[in-house]
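> quick one, fold the following:
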Amino acid sequence: MAGIGFELRKYLNDDSFTGTLKAYGFAGLISAGPWVLSILGVMLIGIVALAQNTGGESIKQFTTSVTWVMGSSLVLTGLLQLVFTRFVADRLFEQQEHIINGNLLGAIALTTLVSGAIGVGLALTLFHESFAYEVLMMANFVTLSNIWIVVIFVAGLKRFKLILYAFAIGYGTTLALSILLLPFGLTGLLAGLLTGHAVLLFLMVGVVLPEYPLQGQLRFEFLRPRLIFPSLVAIGFLYNFGIWVDKLLFWLTPGTSEAVIGPLRSSLIYDLPIFLAYLSIIPGMAVFLLRIETDFAESYEGFFSAVRGNASLQEIEQLGNSMVMAVREGLYQIVRVQGATILVLYLLGPAMIQWLGISEQYVHLYYINLVGVGAQVLMLAVLNVLFYLDKLRYALILTGVLCASNTLLTALTLKLGPEYYGYGFGVSMTLSALVGVVMLSRELDNIEFRTFMQPRQPVGALT
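Predicted coordinates for the structure are as follows:
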């Protein structure tokens, strides 16, 4: 995402309030991406429907269905996302741009095939709903899975205004059609969501394809065993599953959930507070894009260019110190901005909970989740730096800690009772962030020595 960051930083160079507002506003929307915007869109649809006092049961079924589709598609594509990202990065480094679009189309074809097969299998075994519902659920699952793959490319482009237009058109279409089709119930809502996401997917593909040469054929070099890093497969799965496992446990526990449609369940006491908390991620992600993905990326490139070149030891040490300072400053800015956001939303919490009609006895869930989401942004920043430094072992440990701790702690809090709900997620994210910071700090100590002494594993060019 550094490409977008460099473009947005031009607004910061204006040294004006308007320029700063534009930079952080655009950065927040782009870095939040389809995940947070989908949550916001679904919540707006629900609010409009409730305001019109129509489709109460359909809205519950719709939000539950979308949440399950979103979570399952993220976990599934997590197996491929990082592997494909590394493949594209290596090909760009080798100046083999001519094979990128072909492999993107191959990744889309593979994702469509796998997610479609899973969707058909679930429809034939677990679901016994109407044919229209099952087809729309499968289509939404396939479309969202492909969006998570294509958004990898979108995040790396500098044409951020086109990306924002694509998001606006896609989610504007979703919101407008879902409200217009509300009289048709659940089917109409899912059809509106599918149309909007399909529009977003095609717009993003239309933005990406012109960036690289297109030879008009599917390519699957990204599946070659020697180009696949097994650790990246594990990291992608552990991260996404670790983020969603607390929701899954609340959904599958009878005392904290209810059956909504087919095998899908929802948790009223947990879902809304945590999804509200996730909206607080936008300011922290904006800082993440402008500081970690820009300032650090620039200093990182300068340091390793000096290492690969003929720079003197003194110059390398100076650039290494600059890179370390960029990391520390970026993490500090994330903590400061996300902390301020949490404070504001904490003060607004009681009013928001009352307005949304949630019992006040569960307001503590909202507070705890705010802290957990803030820690998640910090952990994501640390994880990103570890990827830059090619410390996949540390990244695997970090995501393993995240997945294991969220699973075990959430299960424990479910047994302890309602007063402990939410602490599993909050403590897990905080613990993971602290573990990540400790590992990263250790790695950054004497970075010059570690860089020269670490073993190299050449990937090799494609032919």
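> tell me the domain boundaries of this protein?
With domains defined by automatic domain parsing, the chain comprises 1-228, 231-447.
> comparing those domains by mean pLDDT, which bottoms out?
Here these differ in mean pLDDT, and the lowest is domain 1-228 at a mean of 82.
> returning to what we had before: can you put the domains of the chain in JSON lines and add mean neighbour count?
Placement of C-beta: from N, CA and C, glycine included. Formatted as JSON lines, the domains of the chain follow (neighbours: other C-beta atoms under 10 Å):
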{"stretch": "domain 1-228", "mean neighbour count": "18"}
{"stretch": "domain 231-447", "mean neighbour count": "19"}
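> quick one: the strands in the stretch 251-400 of the chain?
All strands of the stretch 251-400 of the chain, identified by DSSP state E, counting those that start in this stretch, fall at 258-261, 264-266.
> now for the shortest one, which elements pack on it?
When contacts are defined as 3 or more C-beta pairs under 8 Å, 6 or more residues apart in numbering; DSSP states H and E, strand 264-266 packs onto helix 56-93, helix 230-252, strand 258-261.
> so what's the gap between the second one and the chain middle?
Taking the mean C-alpha point of helix 230-252 and that of its whole chain, the gap between them comes to 12 Å (C-alpha atoms, centre = their mean, to the nearest Å).
> same thing with stretch 335-343?
Going by C-alpha atoms, centre = their mean, the spacing between the C-alpha centre of stretch 335-343 and its chain's C-alpha centre is 20 Å.
> who wins for proximity to S322 among the helices and strands packed on strand 264-266?
helix 56-93 (22.3 Å; C-beta to C-beta).
> got the angle for the helix or strand that that closest one is followed by vs helix 56-93?
The helix or strand immediately downstream of helix 56-93 is helix 100-125, counting by DSSP states H and E. Interaxial angle, helix 100-125 versus helix 56-93 (axes from the mean of the first three to the mean of the last three C-alpha atoms, to 10 degrees): 150 degrees.
> what separates helix 100-125 from the chain centre, distance-wise?
20 Å.
> what's that helix packed up against?
helix 56-93, helix 131-154, helix 185-208.
> ok now do G284, which residues does it touch?
334, 337-338, 341, 374, 377-378 (C-beta atoms under 8 Å, 6 or more residues apart in numbering).
> an error on my part: the question was meant for Q61.
Counting by C-beta under 8 Å, 6+ apart, Q61 touches 186, 260-261.
> now with 10 Å, please.
Residues in contact with Q61 (C-beta atoms under 10 Å, 6 or more residues apart in numbering) are 55, 129, 133, 185-186, 189-190, 260-262, 264, 266.
> mind checking which of the strands of the stretch 251-400 of the chain is nearest I152?
Short answer: strand 264-266, nearest of the strands of the stretch 251-400 of the chain by C-beta to C-beta, at 28.1 Å.
> list the contacts of that closest one.
Under the criterion C-beta under 10 Å, 6+ apart, residues 60-61, 63-65, 67-69, 126-127, 129, 137, 247-248, 250-254, 256-260, 272 lie in contact with strand 264-266.
> got a list of what V75 touches?
V75 is in contact with 236-245, 248, counting by C-beta under 10 Å, 6+ apart.
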